[in-house]
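[1] sequence unknown, structure follows:
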């Protein structure tokens, strides 16, 4: 089965929805206008039930098949944007300074709306489809909040599936793998308390900038010397703030960054070694170092059976040669991981073509990919609920 004729016919309408969302980005859980837009569309499509306010501002639409009772599956899209100033120059560019859809969540939402419209029209399946529109994927843990609000139990969801666009992967291609497909994430903050003073009298100070510089280098040894080389681990210092004047050695400095892993035991080793390094360097310089480590999203782990099923569905849409079934894991984080902890399922990537990368101010979702995404969602639902 190639892309659905109906999906191709709907492409301009889906693009209009997507560009409306792109022009009106919202952050985190504050996706009130987006959620209202989504809920309004689901109501227009004739969904059997539209639930708002789940996970604070999430929306769920329920569509029952016309071929009798059966299981319920969940299809999930994310709705939030990023705190980035847009540089696309597109006529539908963000109308909200400092906010933009730089990750394609506008496209994810529009594609799932397109699938919901088709499924509500045809209802050619046995059972129920729950279309899930989630807030706060970009660091807020909206998926976790929806789970805590009883998403799976309330609607009897047995399996759940997610999708994300991928720049660099050709339009019409899909990519997936069983097991870990995206990393667990953590954030750390190091606060160094030294002793400030005149820059011309450094020996009378305990220089937090020098100490911080040693820390930046030493933390890389966690990857290079404390973990197995075949394991995946990223330790990146992304912030270094200290001082305000040319001739003053400051009293304090603050460093922060991220840790990415594919296994919980590797994350544990990383945290332990980072704490030990801070203790050792603090002692050697006579400083104090406060270390905060906050585990964030867990590993996004695709279940084996559901991964094969999702890949087979994608192959029915795009052809087997355009489905990459064993891609390398990505070290980015994704809070669909919480849903995959709660229920079996799979997360797949959809090609966005030769575009700017995710989280880049010049990024834009490729509307040409929408027909593939809608066709995938529809085929997945109808196949999973064939009865």
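    Yep, it's here. Fair warning: this is a prediction, and the values are worked out from it, not measured in the lab.
[2] which stretches of the stretch 51-200 of the chain form strands?
    Secondary structure of the stretch 51-200 of the chain (DSSP state E, counting those that start in this stretch): strands located at 58-64, 72-78, 128-134, 157-167, 174-175, 179-182, 184-193, 197-198.
[3] Kindly state which of the ones you listed is positioned closest to residue 249.
    Shortest distance between residue 249 and the strands of the stretch 51-200 of the chain, using C-beta to C-beta, is found for strand 197-198: 5.3 Å. All C-beta atoms are positioned from the backbone trio N, CA, C, and that covers glycine.
[4] So which residues make contact with the closest one?
    By C-beta atoms under 8 Å, 6 or more residues apart in numbering, the surrounding residues in contact with strand 197-198 are 204, 205, 247, 248, 249.
[5] Report the rounded mean pLDDT for it.
    For strand 197-198, mean pLDDT rounds to 98.
[6] Assess the claim that residue 87 and residue 361 are in contact.
    Yes: the pair residue 87 and residue 361 qualifies as a contact (C-beta atoms under 8 Å) at a distance of 3.9 Å.
[7] Just give the nearest non-adjacent residue to residue 137, would you?
    Nearest non-adjacent residue to residue 137, counting by C-beta to C-beta, 6 or more residues apart in numbering: residue 78, 3.9 Å away.
[8] Who does residue 206 form a beta bridge with?
    residue 195 (DSSP bridges).
[9] separation between it and residue 279?
    The gap separating residue 206 from residue 279 is 16 Å, by C-beta to C-beta, to the nearest Å.
[10] Ok, residue 68 next?
    63 Å.
[11] got the contact list for the residue nearest the centre of the chain?
    Geometric centre of the chain, nearest residue: residue 334, 3.4 Å, by C-alpha atoms, centre = their mean. By C-beta under 8 Å, 6+ apart, the contact list for residue 334 reads 137, 162, 164, 182, 297, 300, 347.
[12] Surely the fifth one touches residue 141?
    This points to residue 297. Yes: counting by C-beta under 8 Å, residue 297 touches residue 141, with 7.2 Å between them.
[13] which residues are in contact with both of these two?
    335, 338.
[14] I'd like the domain boundaries of the protein, if you could list them.
    Domain assignment for the chain by automatic domain parsing gives 5-182+299-384, 184-295.
[15] if we can go back for a sec, with respect to burial, which of the strands of the stretch 51-200 of the chain scores highest?
    Highest mean neighbour count among those (mean count of other C-beta atoms under 10 Å): strand 128-134, with a mean of 28.
[16] Walk me through which strands it pairs with, and which way each runs.
    strand 58-64 (antiparallel), strand 72-78 (parallel).
[17] distance between that strand and the chain's centre?
    From the chain centre to the centre of strand 128-134 is a distance of 17 Å (C-alpha atoms, centre = their mean, to the nearest Å).
[18] neighbouring contacts of it?
    Applying C-beta under 8 Å, 6+ apart, the contact partners of strand 128-134 are 35, 38, 42, 47, 55, 58-65, 70-79, 109, 112-113, 115-116, 119, 142-143, 146, 151, 155-157, 160, 335, 381, 385.
[19] what about 6 Å?
    Identification of contacts with strand 128-134 by C-beta atoms under 6 Å, 6 or more residues apart in numbering yields 38, 58-64, 72, 74-79, 112, 116, 119, 142-143, 146, 155, 157, 381.
[20] do the same with stretch 164-174
    With C-beta under 6 Å, 6+ apart as the test, stretch 164-174 has contacts from 104, 107, 175, 314, 318, 322-323, 348-353, 355, 357, 368-369, 372.
[21] just stretch 308-326 next, same as before
    Residues outside stretch 308-326 that contact it (C-beta under 6 Å, 6+ apart): 1, 172-177, 346, 348, 375-376, 379-380, 383.
[22] distance between the ends of it?
    In stretch 308-326, first residue to last residue: 11 Å (C-alpha to C-alpha, to the nearest Å).
[23] same check, this time on stretch 141-152
    16 Å.
[24] Give me the number of neighbouring residues for residue 12.
    A count of nearby residues for residue 12, using other C-beta atoms under 10 Å, gives 10.
[25] let me redo that: residue 5
    Residue 5, neighbours per other C-beta under 10 Å, totals 10.
[26] For it, list the residues it contacts.
    Residues counted as contacts of residue 5 (C-beta under 6 Å, 6+ apart): none.
[27] And it, how close does it get to residue 129?
    From residue 5 across to residue 129, the span is 20 Å (C-beta to C-beta).
[28] sorry, back to before: farthest-separated two in the contacts of strand 197-198?
    So for these, where distance means C-beta to C-beta, the most widely separated pair is 204 and 247, at 13.8 Å.
[29] Please spell out which residues along stretch 105-123 are buried.
    Applying a neighbour-count criterion of 16 or more other C-beta atoms under 10 Å, one finds 105-120, 123 buried in stretch 105-123.
[30] Among those residues, which ones are in helices?
    Members of these lying in helices (criterion: DSSP state H): 105-120.
[31] returning to what we had before: which residues does the residue nearest to residue 137 form a beta bridge with?
    For residue 78, the beta-bridge partners are residue 134 (DSSP bridges).
[32] Could you pull up the contacting residues of it?
    Residues near residue 78 by C-beta under 6 Å, 6+ apart: 105, 108, 134, 137.
[33] low-confidence ranges in the chain?
    Within the chain, the set of residues satisfying pLDDT under 70 comprises 1.
[34] What ranges does it have for its helices?
    With DSSP H as the criterion, the chain has helices spanning 5-9, 11-23, 32-45, 105-122, 142-148, 151-155, 208-225, 264-285, 304-318, 336-342, 370-384.
[35] could these go into TSV alongside distance to residue 93?
    Shown next, in TSV, are these (distance: least, C-beta to C-beta, whole Å):
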stretch	distance to residue 93
helix 5-9	26
helix 11-23	7
helix 32-45	17
helix 105-122	12
helix 142-148	25
helix 151-155	33
helix 208-225	36
helix 264-285	38
helix 304-318	30
helix 336-342	27
helix 370-384	19
